[in-house]
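> Fold the following for me, if possible:
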Amino acid sequence: MTILGLHHITLVSANAQRTVDFYTKALGLRLVKQTVNFDDPGSYHLYFGDETGSPGSAITFFEWPRAPQGKPGVGGTHHFALAVADYDGLLQWKRRLTDLGHSVDGPFDRHYFTSIYFHDPDGVIVEIATLGPGWAVDEAPEAIGSAFRAPPEAMLVSNRDAEKIRAITWPEPVPEVMPTMALSHGMHHITAIGSSIERTHAFFGDLLGMRRVKMTSNFDDPGSAHWYWGAGDGRPGTLITYFERDPLKSPQVRMGAGQTHHFALAVADEASQIAWRERLLAAGLRVSPVMDRIYFKSIYTNDPDGHIVELATLGPGFAVDEPVERLGGSLKLPPWLEKNRVDIQQVLKPLRIG
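A predicted model of the protein is given here:
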């Protein structure tokens, strides 16, 4: 009974077509499933990811066309990060995105990786982060996460040199997503906001059994805690991180366009999921019944600040109702909604793919 890593993150989009265009054309991800929100079948649920939408690569969106603009805060997600192989790939992304008219911040040295930041069309903060150098740069591999590690002062000073950072980019245009920069590694991490880092650790570390792999500060706000939890050695793709914010000074999350609805952690199978459900209930937490999402089974609970956290099975995967070569090419509905297909399609605006 182990948390295996990240499964997916689900965000809110105000315009499905605009989201498809950005994530497939600008970022080069694959639309692997067109379906609907099973709990609200009059709205799209779109999944993007690697070639098969493997767990840990899936970025998903509910389309809420009339949603107000969301705002990060306590009990919500601050950003999510996609992984790129190396620094050259990171600079290629900066050049590509800026040439496409997107404002890009960075690259910033985060000691354990280097990253850039930008916004998607709904205002989601998206980070692209390198795979290395990793957690062992400032403590032994067997001891990662066991002691507080302050950000190096020289690095903090360097990250404040806005003019120098702005000038760093790839020297040539990047009109296509090249193999060296492809986001095929999936997510790097998800960063949320909590009001008590110790209480958050009790949830992810003690209750869910994830390994704390780093205790440090928010590099942009060194007076506040930033902790990381992961599976195994905390490799990218398994990482949940939290900024600690004072709830008396920081607002609560405001749900809406550009905000995270929930994020999901991966569990091996249905038997493991049932065992997790029993453990969460025994701890006194709210836990949903097992929900059939066709492509995986899910249960939902909340972190200590109310953020929805899902535990999702690895399979059966997105090829269960269409072949891999045609993933995302047409609207797929669960069996219990097929009888309503005509009505559902009249509500949804058809998407242009490709």
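
> CA only for contacts and neighbour counts going forward, please
OK.

> Give me the neighbour count for the nearest residue to residue 269 once chain neighbours are set aside.
Nearest-residue entry for residue 269: residue 313, 5.1 Å, with adjacent residues in sequence omitted and distances by Cα to Cα, 6 or more residues apart in numbering. Burial of residue 313, expressed as a neighbour count using other Cα atoms under 10 Å, amounts to 26.

> Now do residue 313 against residue 205, distance only.
Computed with Cα to Cα, to the nearest Å, the distance linking residue 313 and residue 205 is 20 Å.

> thinking again about what came up before, which residues does the residue nearest to residue 269 contact?
Remark: with contacts taken as Cα atoms under 8 Å, 6 or more residues apart in numbering, residue 313 is in contact with 266-270, 273, 296-298.

> mind redoing it with 7 Å?
266-270, 296-298 (Cα atoms under 7 Å, 6 or more residues apart in numbering).

> which one of these sits closest to residue 256?
Proximity of the contacts of residue 313 to residue 256, judged by Cα to Cα, is greatest for residue 298, which lies at 22.6 Å.

> Report the beta-bridge partners for that closest one.
Note on residue 298: beta-bridge partners residue 291, residue 312, judged by DSSP bridges.

> Determine the number of other residues adjacent to it.
23.

> now the helices for the stretch 51-200 of the chain?
If DSSP state H, counting those that start in this stretch is used as the criterion, the helices of the stretch 51-200 of the chain fall at 87-99, 153-159, 162-167, 197-201.

> Out of these, which one sits most buried?
helix 87-99 (a mean of 21; mean count of other Cα atoms under 10 Å).

> What mean pLDDT does that one get?
Helix 87-99 shows an average pLDDT of 98 in the prediction.

> ditto for stretch 191-209
Stretch 191-209 comes out with an average pLDDT of 98.

> Only alpha carbons, please: show that stretch as PDB.
Listed next in PDB are the C-alpha coordinates belonging to stretch 191-209 (Å, rounded to 0.1, in the frame of the first residue of the first chain):
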ATOM      1  CA  THR A 191       3.000  23.000  -5.600                       C
ATOM      2  CA  ALA A 192       0.100  23.900  -3.300                       C
ATOM      3  CA  ILE A 193      -0.400  26.300  -0.400                       C
ATOM      4  CA  GLY A 194      -1.000  25.400   3.200                       C
ATOM      5  CA  SER A 195      -1.400  27.100   6.500                       C
ATOM      6  CA  SER A 196       0.800  24.800   8.600                       C
ATOM      7  CA  ILE A 197       3.700  22.900   7.100                       C
ATOM      8  CA  GLU A 198       3.800  20.500  10.100                       C
ATOM      9  CA  ARG A 199       0.100  19.700   9.700                       C
ATOM     10  CA  THR A 200       0.700  19.200   6.000                       C
ATOM     11  CA  HIS A 201       3.500  16.800   6.800                       C
ATOM     12  CA  ALA A 202       1.300  14.900   9.100                       C
ATOM     13  CA  PHE A 203      -1.000  14.300   6.100                       C
ATOM     14  CA  PHE A 204       1.400  13.500   3.300                       C
ATOM     15  CA  GLY A 205       4.300  12.100   5.400                       C
ATOM     16  CA  ASP A 206       2.700  10.400   8.300                       C
ATOM     17  CA  LEU A 207      -0.700   9.400   6.900                       C
ATOM     18  CA  LEU A 208       0.000   8.900   3.200                       C
ATOM     19  CA  GLY A 209       3.500   7.600   3.800                       C
END
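
> what's in contact with it?
Stretch 191-209 is contacted from outside by 73-80, 210-212, 240-247, 303-305, using Cα under 7 Å, 6+ apart.

> which ones among the contacts of residue 313 are found in helices?
Using DSSP state H, the members of those that fall within helices are residue 270.

> any chance of the contacts of residue 313 in CSV, with pLDDT and distance to residue 101 too?
As requested, the contacts of residue 313 are arranged in CSV below (pLDDT from 0 to 100; distance: Cα to Cα, whole Å):
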residue, pLDDT, distance to residue 101
266, 98, 35
267, 98, 39
268, 98, 41
269, 98, 43
270, 98, 45
296, 98, 37
297, 98, 39
298, 98, 38
